[in-house]
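Undergrad: Whatever this is, show me its structure:
(chains A, B, C and D)
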2 protein chains.
Amino acid sequence: MMSSKARGPGAKSAQPSETSLDLRALQRTPGFMLRLAQLKFFEGFYEEFAALGLTPATYAIFAIIRDNPGVPPSSLASVLRLRLPNLIKILNELQSSGFIKRNRSKADRRAVELMLTPKGAKLIQDGARLTEPYNRKMLAPLSESEQRMLLELLNRMLPF
Amino acid sequence: MMSSKARGPGAKSAQPSETSLDLRALQRTPGFMLRLAQLKFFEGFYEEFAALGLTPATYAIFAIIRDNPGVPPSSLASVLRLRLPNLIKILNELQSSGFIKRNRSKADRRAVELMLTPKGAKLIQDGARLTEPYNRKMLAPLSESEQRMLLELLNRMLPF
DNA sequence: TATTGTTATACTCTATAACTATA
DNA sequence: TATAGTTATAGAGTATAACAATA
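TA: You can find the predicted model right below:
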């Protein structure tokens, strides 16, 4: 029952998880491993930042507005890979909580310029302080140079 | 409008995406980059495997049952990081489409043993043929050794 | 007419509670 | 009583369509 094929003699990898299933096919599948890694980071994030009320999405939104004051919702959505209507809903909540504000552009009165309020700036500042220890914990199985390598490889796989 | 800070003189990285936002903070954030990479893989997957009707989830389910005939739903759920009720719903559909079958264990009649039908075995076999070119396309920006490195690093970050 | 932002809404994915049957 | 599987259902995340204001 629950046949477990023996690992090949060349298999030098880590400890076999909870059960002893043959998972070698999925271990060789980057998309699957990326999903597991991303889940790990997101679950860790919710634990670490829960006290501040930050989610991965709102953290990224705050960070982008901080570094690019006046950024329009459309640019924000495209960078975060969110659909505009879904982002708008989040922005509405962040605004009614007093973390961001919207200015109408004078050059093009359709356009919206997003800014952090002082309250929002403080929140992302507090969040930023948790970031380094959080990343360190998530990446703990890797050496410093491996951590840099992983980040470099991910950046090179992606359009920016 | 949409202030774009100059890249520091040490920044040797790639072309600045569609807009010219300062995204350096997020580029240094592994969790965010992992999310973007995973999105890229999943979107590519849907394009590539749409003709077969396979999703990332069903592909993984088929692959695990193929390599571990008789695996119980609970083990499958824990490996895939799905909640059991959500997996059950997928299994019900796969069974009524004739891709898998459930056997009651004789040793413990609560337990279920999952097996592929011939139809299911053929589907994952067809899917497996698309896998290598699909991965090659997704990982195209990386050299062969970088691709191996990425996979190795992801595996070492995760529990198995 | 085209574009930016917004609302409303549907759909998929994920999470929780409660039930059945076996042990 | 505890466990494996299942059902029902609620919630979060993601998608499309349509509209208002401005260009």
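
Undergrad: Find the centremost residue of chain A, please.
TA: Taking Cα atoms, centre = their mean, the centroid of chain A lies closest to residue A:56, which sits 5.0 Å from it.

Undergrad: For it, give me phi and psi.
TA: Per-residue torsions, residue A:56: phi -50, psi -40 (degrees, to the nearest 10).

Undergrad: list the contacts for it?
TA: Counting by Cβ atoms under 8 Å, 6 or more residues apart in numbering or on different chains, residue A:56 makes contact with A:41-42, A:45, B:31-32, B:35. The way it works is simple: take the backbone N, C-alpha and C, and place the C-beta from them, glycine included.

Undergrad: Return the member of those nearest to DNA strand C.
TA: Comparing the contacts of residue A:56 against DNA strand C with Cβ to the nearest atom of the strand picks out residue A:42 as the nearest, at 9.0 Å.

Undergrad: where's residue A:44, which helix or strand?
TA: Per DSSP states H and E, residue A:44 falls inside helix A:30-49.

Undergrad: Spell out the residue ranges of the strands in chain A.
TA: Remark: strands assigned in chain A by DSSP state E are A:100-104, A:112-116.

Undergrad: tell me the most buried of those strands?
TA: Comparing the strands of chain A by mean neighbour count (mean count of other Cβ atoms under 10 Å in any protein chain shown), strand A:112-116 ranks first with a mean of 19.

Undergrad: now for that one, which elements pack on it?
TA: With contacts taken as 3 or more Cβ pairs under 8 Å, 6 or more residues apart in numbering or on different chains; DSSP states H and E, strand A:112-116 sits against helix A:56-67, helix A:73-80, strand A:100-104.

Undergrad: related to what we said a few turns ago, only alpha carbons, please: show the helix holding residue A:44 as PDB.
TA: Extracted in PDB, the C-alpha atoms of helix A:30-49 (Å, rounded to 0.1, in the frame of the first residue of the first chain):
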ATOM      1  CA  PRO A  30      10.500  24.200 -11.700                       C
ATOM      2  CA  GLY A  31       6.900  25.500 -11.800                       C
ATOM      3  CA  PHE A  32       5.800  23.100  -9.000                       C
ATOM      4  CA  MET A  33       8.800  23.900  -6.800                       C
ATOM      5  CA  LEU A  34       8.300  27.700  -7.400                       C
ATOM      6  CA  ARG A  35       4.700  27.300  -6.200                       C
ATOM      7  CA  LEU A  36       5.800  25.500  -3.000                       C
ATOM      8  CA  ALA A  37       8.500  28.100  -2.400                       C
ATOM      9  CA  GLN A  38       6.100  31.000  -2.900                       C
ATOM     10  CA  LEU A  39       3.500  29.400  -0.600                       C
ATOM     11  CA  LYS A  40       6.200  29.100   2.100                       C
ATOM     12  CA  PHE A  41       7.100  32.800   1.700                       C
ATOM     13  CA  PHE A  42       3.500  33.900   1.800                       C
ATOM     14  CA  GLU A  43       2.600  31.800   4.800                       C
ATOM     15  CA  GLY A  44       5.700  33.100   6.600                       C
ATOM     16  CA  PHE A  45       4.700  36.600   5.600                       C
ATOM     17  CA  TYR A  46       1.300  36.400   7.100                       C
ATOM     18  CA  GLU A  47       2.700  35.200  10.400                       C
ATOM     19  CA  GLU A  48       5.500  37.800  10.500                       C
ATOM     20  CA  PHE A  49       3.500  40.900   9.400                       C
END
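
Undergrad: Alright, that wraps it up for me.
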